[in-house]
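> Got a sequence here, can you model it:
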Amino acid sequence: MTEGRSDGEATRGAAGAEGAGSGSLIVTPTYDERDNLEEFVKRTLAVVPGAHVLVVDDASPDGTGELADELARADDRVRVLHRSSKRGLGTAYVEAFLQHLDAGYTHFFEMDADLSHDPRHLPAFFERFAAGADVVVGSRNVAGGGIEGWGPVRHLVSKGGSLYARTILGVEVRDLTTGFKGYTREAVAALDLGTVSSNGYSFQVETTYRALRAGLRVDEVPIVFVDRRVGQSKMSHGIFLEAVFMVWRLRMGRR
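Next up is the predicted model:
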């Protein structure tokens, strides 16, 4: 609510907006995302102008890495980590987080560069951090959350996957497979990322589960996931099977 705000409060709010996201590193792994990357960076920094965006490019043949370099030369809030081959989403986040853990950042974020994660949801993440959360996940499965652009089969697979993981692991987080997540620096350090064994979308399940097992507070905020309009999904049968079996590995590891 803005009703009844004083001029002083309005001024402080404007100043806060200018520095929104200060101390945060937003990591986005890329492979053939040239058509989406510039718009992603533009939208993200418009919402959190105080943040830095780190593009982790896996030698994209479409020139995504070269475009990322151009964006970095034009804006010192953009950073680029080049990798020599396509090595997967999980390793991209692990490498980026571990390299920057002692770089002074207070918060770390995971976001997809394909514009499926709307940066306008980011202020809600910071509200949950301010309320004491250690990890915040953008949830499609809580009130106010949802998915646009998917058919019934993909909806069933997504919701069924989260339910499958929740049931086997015995946790209450409703969206375990979301790729829109934020962590405090302390939470990243507590995850022991060097020992994470999953690399595809099961990386999201494993990191959230590790956070819960470490006694960290994990909050969910509603997001609306919008299916990519340009480019191809990175989902594959191998990634799907990794997620199916990783859940049981986590369960047995707990025992």
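> Could you report the pLDDT at residue 8?
pLDDT, residue 8: 40.
> for residue 16, that is, sorry about that
Predicted confidence (pLDDT) for residue 16: 49.
> Okay, strands next: where are they in the chain?
24-30, 52-57, 78-82, 107-110, 135-139, 146-148, 181-184, 218-222, 224-226 (DSSP state E).
> how about CSV for those strands, with mean neighbour count, distance to residue 95 and mean pLDDT added?
Any C-beta I mention is one placed from the backbone N, CA and C, and that applies to glycine too. Formatted as CSV, the strands of the chain follow (neighbours: other Cβ atoms under 10 Å; distance: least, Cβ to Cβ, whole Å; pLDDT from 0 to 100):
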stretch, mean neighbour count, distance to residue 95, mean pLDDT
strand 24-30, 24, 9, 98
strand 52-57, 26, 7, 98
strand 78-82, 18, 7, 98
strand 107-110, 24, 12, 98
strand 135-139, 27, 19, 97
strand 146-148, 14, 29, 89
strand 181-184, 23, 15, 98
strand 218-222, 20, 23, 98
strand 224-226, 18, 25, 93
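> mind putting the ones you listed in CSV, distance to residue 166 included?
Below are the strands of the chain laid out as CSV (distance: least, Cβ to Cβ, whole Å):
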stretch, distance to residue 166
strand 24-30, 25
strand 52-57, 29
strand 78-82, 32
strand 107-110, 20
strand 135-139, 12
strand 146-148, 18
strand 181-184, 16
strand 218-222, 12
strand 224-226, 18
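> Relative to residue 163, which of the ones you listed is closest?
Nearest to residue 163, of all the strands of the chain, is strand 135-139, at 13.3 Å by Cβ to Cβ.
> The closest one pairs with which strands, parallel or anti?
In the sheet, strand 135-139 lines up against strand 181-184 (antiparallel), strand 218-222 (parallel) (DSSP bridges).
> ok, now how distant is the residue most central in space within the chain from residue 160?
In the chain, the centroid-proximal residue (Cα atoms, centre = their mean) is residue 110; its distance is 2.2 Å. Between residue 110 and residue 160 the computed distance is 22 Å (Cβ to Cβ, to the nearest Å).
> Residue 26 too?
Residue 26 sits 29 Å away from residue 160, going by Cβ to Cβ.
> likewise residue 125?
26 Å.
> With neighbour numbers in mind, choose between those two.
Ranked by neighbour count (other Cβ atoms under 10 Å), residue 125 and residue 160 place residue 125 first, with 24 against 10.
> where does that one land on pLDDT?
For residue 125, the pLDDT comes out at 98.
> same deal with residue 70?
Reported pLDDT for residue 70: 98.
> give me the number of residues near it?
So residue 70, with other Cβ under 10 Å, has 15 neighbours.
> Residue 140: what's it in contact with?
Residues counted as contacts of residue 140 (Cβ atoms under 8 Å, 6 or more residues apart in numbering) are 146, 147, 158, 175, 178, 222, 223, 224, 225.
> Show me the two of the residues you listed that sit farthest apart.
Counting by Cβ to Cβ, the most remote pair of the contacts of residue 140 is 158 and 222, 15.1 Å apart.
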